[in-house]
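Student: pasting the structure only:
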């Protein structure tokens with residue numbers, strides 16, 4: 001994939017060995033460290049419209065999650081830990097250790113948001129501020145499932161089916177599946193830059209990575225859900241300041257109130273809807289920055 005467009009000019013490209021993978025990341029900017037985590041079915045390229053402004057105030061670390069983009073594709077495990085959000089959060093911690101950042105901000109969209117809040121629960125001393133874009137916790141997605149929500153999120157159950165059925169079905173027209181998903185989840189038509197779409201198509205066309213995305217969702221239905229249930233039963237909450245943003249036309253809006261849900265999980269949370277669909281960073285970059293930057297730059301910076 002070396003011939004793909006460079007969406008982060010001036011940023012360094014590095015690979016980091018972690019406890020279970022080798023992670024590709026882009027590094028740039030100056031200031032307190034901020035990790036940006038992408039979601040399904042995308043790559044780190046989704047941050048290209050926010051990165052230039054964020055890099056003026058933060059040292060950005062923008063990885064591809066394991067199995068995504070150009071990060072490695074570790075073999076799955078029977079308990080689905082390999083593609084759990086806990087394992088992905090460990091990747092982030094290993095990267096930040098290698099860079100010398102004990103504490104940092106983290107912002108995640110979609111699956112990356114699930115990695116971000118899992119990291120915050122597992123390593124509460126490391127995350128100074130958390131921002132989650134267009135998600136509610138995995139626990140609530142499963143336990144609040146309604147007919148309307150199930151129709152909007154059928155991919156959660158489909159991708160989690162035992163291999164190789166989802167892989168075989170999607171593999172018959174992988175790019176068609178990709179484009180249908182991202183097209184149906186945005187709120188305003190063609191919102192993706194052609195250069196970013198080139199990254200998403202290149203990644204999704206590889207059968208091993210398509211399999212990894214299914215493993216991600218299998219973990220979501222098993223390991224990740226159990227981790228959330230254990231935290232819920234133990235009364236553990238996210239202690240750092242948290243910002244929840246969601247698209248007014250996105251899936252979290254169908255859950256009965258995203259901010260109220262996050263208030264059950266956090267001791268200090270604020271949030272708002274952004275006028276867009278699922279892909280806040282690409283559909284509404286200015287509005288997303290207008291909410292995100294003041295939150296990150298408020299009191300408590302590292």
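Tutor: That came in fine, so what should we check first? This one's a predicted model, so the numbers in the text were calculated from it and none came from an experiment. Residues are numbered from 1 along each chain as shown.
Student: Now the terminal residues of stretch 66-84, how far apart.
Tutor: Distance across stretch 66-84, first residue to last, is 10 Å (C-alpha to C-alpha, to the nearest Å).
Student: Go through it and flag the buried ones.
Tutor: The neighbour-count check on stretch 66-84 (16 or more other C-beta atoms under 10 Å) flags 66-74, 76, 80-84 as buried. Backbone N, C-alpha and C define where each C-beta goes, glycine included.
Student: what does stretch 116-125 give?
Tutor: If you call a residue buried by 16+ other C-beta under 10 Å, then stretch 116-125 has these buried ones: 116, 117, 118, 119, 120, 121, 122.
Student: Now residue 58: closest residue in space, sequence neighbours ignored.
Tutor: Of all residues not flanking residue 58 in the chain, residue 34 sits nearest, at 4.0 Å (C-beta to C-beta, 6 or more residues apart in numbering).
Student: which ones are touching the one you found?
Tutor: Residue 34 makes contact with 54, 58, 59, 60, 61, 104, 105, 106, 107, 296, according to C-beta atoms under 8 Å, 6 or more residues apart in numbering.
Student: can you list the weak-confidence ranges in the stretch 151-300 of the chain?
Tutor: Low-confidence segments of the stretch 151-300 of the chain, defined by pLDDT under 70, are located at 187-189, 299-300.
Student: my read is residue 270 is in a strand, agree?
Tutor: Yes. According to DSSP: H, G, I helix; E, B strand; the rest coil, residue 270 belongs to a strand.
Student: how near is it to residue 33?
Tutor: Counting by C-beta to C-beta, to the nearest Å, the gap between residue 270 and residue 33 amounts to 22 Å.
Student: The two: which has the busier surroundings?
Tutor: Using other C-beta atoms under 10 Å as the criterion, residue 270 and residue 33 rank with residue 33 on top: 21 against 15.
Student: Report the beta-bridge partners for that one.
Tutor: residue 59 (DSSP bridges).
Student: close enough to count as contact, it and residue 107?
Tutor: No. Judged on C-beta atoms under 8 Å, residue 33 makes no contact with residue 107 at a distance of 11.6 Å.
Student: so who does the residue nearest to the spatial centre of the chain touch?
Tutor: Nearest residue to the geometric centre of the chain (C-alpha atoms, centre = their mean): residue 112, 1.5 Å. Contact analysis of residue 112 by C-beta under 8 Å, 6+ apart lists 36, 37, 38, 39, 65.
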